[in-house]
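[1] Sharing a sequence plus its predicted fold:
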Amino acid sequence: MNTFTFIFLIAVIISFSLHYWLAQRQTRYIAEHRSAVPDAFKNTVSLEAHQKAADYTIAKGKLGNIDSIIGVIALLLFTLGGIVNAIFNYWTASISSPLIADVAAIATISLLMMLIELPTTVYQTFVIEEQFGFNKSTVQQFIKDQLLQLALGAAIGLPLLALILWVMNGVGSSWWLWVWAIMMTFSLLVSWLFPTLIAPLFNKFTPMEEGSLKDRIQGLLERCGFSSQGIFIMDGSKRSGHGNAYFTGLGNNKRIVFYDNLVNSLDDEELEAVLAHELGHFKRKHVIKMLVASSIMSLISLAILGWLIDKPWFFNGLGVDKPSNAAALLLFMLVSSTFTFFIQPISAYFQRKFEFEADDFAASNAKASKMVSGLVKLYEENASTLTPDPLYSAFHYSHPPAAIRIAHLEAKA
């Protein structure tokens, strides 16, 4: 243990305490407002639906608290408890190639972390989601999804990890610039390939049938100057009762996707308004802005890692006795969120700002009243709480709270 150990422990305590305190505020606030539907929704949301949303949010919050506690314990065991150090030493002694040993060590730790998170994922899916009528997945489907994600992660992630470690070990002190370029190229490539190669591995995408809805959507696309490779219906209902819509891909490989349960829930004008909102993100260049912000943060993070990688106190302070580039990369990924939790409300603020701008775009290119009615249906059917704690939502929410968002759209209408 050294000075950095104590700094790390203080950061863990502050970060966890803040998140736990905010979660407790959220639970209390929702419970206190459970007995009555907010005035803005009295004519559109039943008391039963409002209470279901409150209970659902509280249940997820309690599980989130347990998950946070498990996460902190795991982080301390992997670092100060010596698990990371032991795994790196084991693979270094077992494999003659340093590169392969480093890849094996990071893969082993990643797999262990995934297994630690698996019980809460199972509980969320088969207890909470089941209890509130959202889970449509079977045990067989769940296992298939987990194995497919693991296989896909290995097939894509391991070669990428090997390339990054090879660059870190071979190009000198400027490695972090090269790694940043590799990561950005990879991110753009995956975004471009996702609609046609990756997403179809998990879901079935059916082209939208000819009819009034497709005509309405194509008319909206023409008005907005948006071109895509098609409009698709995704079989989201085979796993969940939650509905959504999004567009995905980059360049000439963009797709518009509606969940099948969303199409069954909203009328044509409401679907048009929801899609207009998603197009608003594209037309207001939110995707590009978020990509630029992400790339800048990645560059800064890698520059910091480039500085830390030569500091023995960084390794020793986190329980690793044999410094290496691979260990530095892994430790940085494990602990960085502990030191950057204060960035979350800043990011959430700009995301909410983008949501308002997208709503303004939707109100200008579709009916604001239909955007309102569509959102209310989504809030009700997805059991989204109408009464979040203001401080919790300011810290965590990427979308404006329901009452604020509806009031904004009604003003536009």
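    Everything's here; your move.
[2] Number of residues surrounding residue 258?
    By other Cβ atoms under 10 Å, the residues close to residue 258 number 24. For the C-beta atoms, the positions are set from N, CA and C on the backbone; glycine is no exception.
[3] how about the helices in the stretch 201-350 of the chain?
    With DSSP state H, counting those that start in this stretch as the criterion, the stretch 201-350 of the chain has helices at 212-224, 260-265, 268-283, 286-308, 312-317, 325-339, 344-365.
[4] element containing residue 375, please.
    Assigned by DSSP states H and E, residue 375 falls within helix 368-381.
[5] Return that helix as PDB; C-alpha atoms alone will do.
    Extracted in PDB, the C-alpha atoms of helix 368-381 (Å, rounded to 0.1, in the frame of the first residue of the first chain):
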ATOM      1  CA  ALA A 368     -46.400  18.000 -31.200                       C
ATOM      2  CA  SER A 369     -49.700  16.700 -29.700                       C
ATOM      3  CA  LYS A 370     -49.000  13.300 -31.200                       C
ATOM      4  CA  MET A 371     -45.500  13.300 -29.800                       C
ATOM      5  CA  VAL A 372     -47.000  14.000 -26.400                       C
ATOM      6  CA  SER A 373     -49.600  11.300 -26.700                       C
ATOM      7  CA  GLY A 374     -47.000   8.800 -28.000                       C
ATOM      8  CA  LEU A 375     -44.600   9.600 -25.100                       C
ATOM      9  CA  VAL A 376     -47.400   9.200 -22.500                       C
ATOM     10  CA  LYS A 377     -48.200   5.700 -24.000                       C
ATOM     11  CA  LEU A 378     -44.500   4.800 -23.900                       C
ATOM     12  CA  TYR A 379     -44.200   6.000 -20.300                       C
ATOM     13  CA  GLU A 380     -47.200   4.000 -19.300                       C
ATOM     14  CA  GLU A 381     -46.300   0.800 -21.200                       C
END
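[6] Which SSE is immediately downstream of it?
    Next helix or strand after helix 368-381 toward the C-terminus (DSSP H and E): helix 390-396.
[7] For that next one, buried residues please.
    By neighbour count on 16 or more other Cβ atoms under 10 Å, the buried set for helix 390-396 is 392-393, 395-396.
[8] try stretch 37-50
    37, 40-41, 45, 49-50.
[9] Show me which of those is closest to residue 115.
    Closest to residue 115 out of the buried residues of stretch 37-50 is residue 49 (36.7 Å), distances taken as Cβ to Cβ.
[10] Is that closest one within a helix or a strand, and which one?
    helix 47-78.
[11] residues near residue 362, how many?
    Counted with other Cβ under 10 Å, the neighbours of residue 362 add up to 27.
[12] Help me confirm that it comes into contact with residue 371.
    Yes - between residue 362 and residue 371 there is a contact under Cβ atoms under 8 Å: 5.0 Å.
[13] what's the overlap in contacts for the two?
    273-274, 276-277 (Cβ atoms under 8 Å, 6 or more residues apart in numbering).
[14] for the closest residue to residue 15 other than its chain neighbours, what are its contacts?
    Counting by Cβ to Cβ, 6 or more residues apart in numbering, residue 15 lies nearest to residue 341, which is 4.5 Å off, once chain neighbours are set aside. Counting by Cβ under 8 Å, 6+ apart, residue 341 touches 14-15, 18-19.
[15] Is residue 153 within a helix or a strand, and which one?
    Assessed by DSSP H and E, residue 153 sits inside helix 139-170.
[16] ok so, going back, now the contacts of residue 341: which count as buried?
    Neighbour counting over these (16+ other Cβ under 10 Å) leaves 15, 19 as the buried ones.
[17] wait, which of the contacts of residue 341 is closest to residue 244?
    The closest of the contacts of residue 341 to residue 244 turns out to be residue 19 (Cβ to Cβ; 25.7 Å).
[18] Quickly note the distance from the closest one to residue 68.
    Distance of residue 19 to residue 68, computed by Cβ to Cβ, to the nearest Å: 6 Å.
[19] what residues does the helix holding residue 375 touch?
    With contact meaning Cβ under 8 Å, 6+ apart, helix 368-381 is reached by 41, 44-46, 49, 53, 241-243, 262, 265-267, 269-274, 276-277, 359, 362-363, 384, 386, 402, 405-406, 409-410, 412-413.
[20] now do 7 Å
    Residues outside helix 368-381 that contact it (Cβ atoms under 7 Å, 6 or more residues apart in numbering) are 41, 44-45, 49, 243, 265-266, 269-270, 273-274, 277, 359, 362-363, 386, 402, 405-406, 409-410, 412-413.
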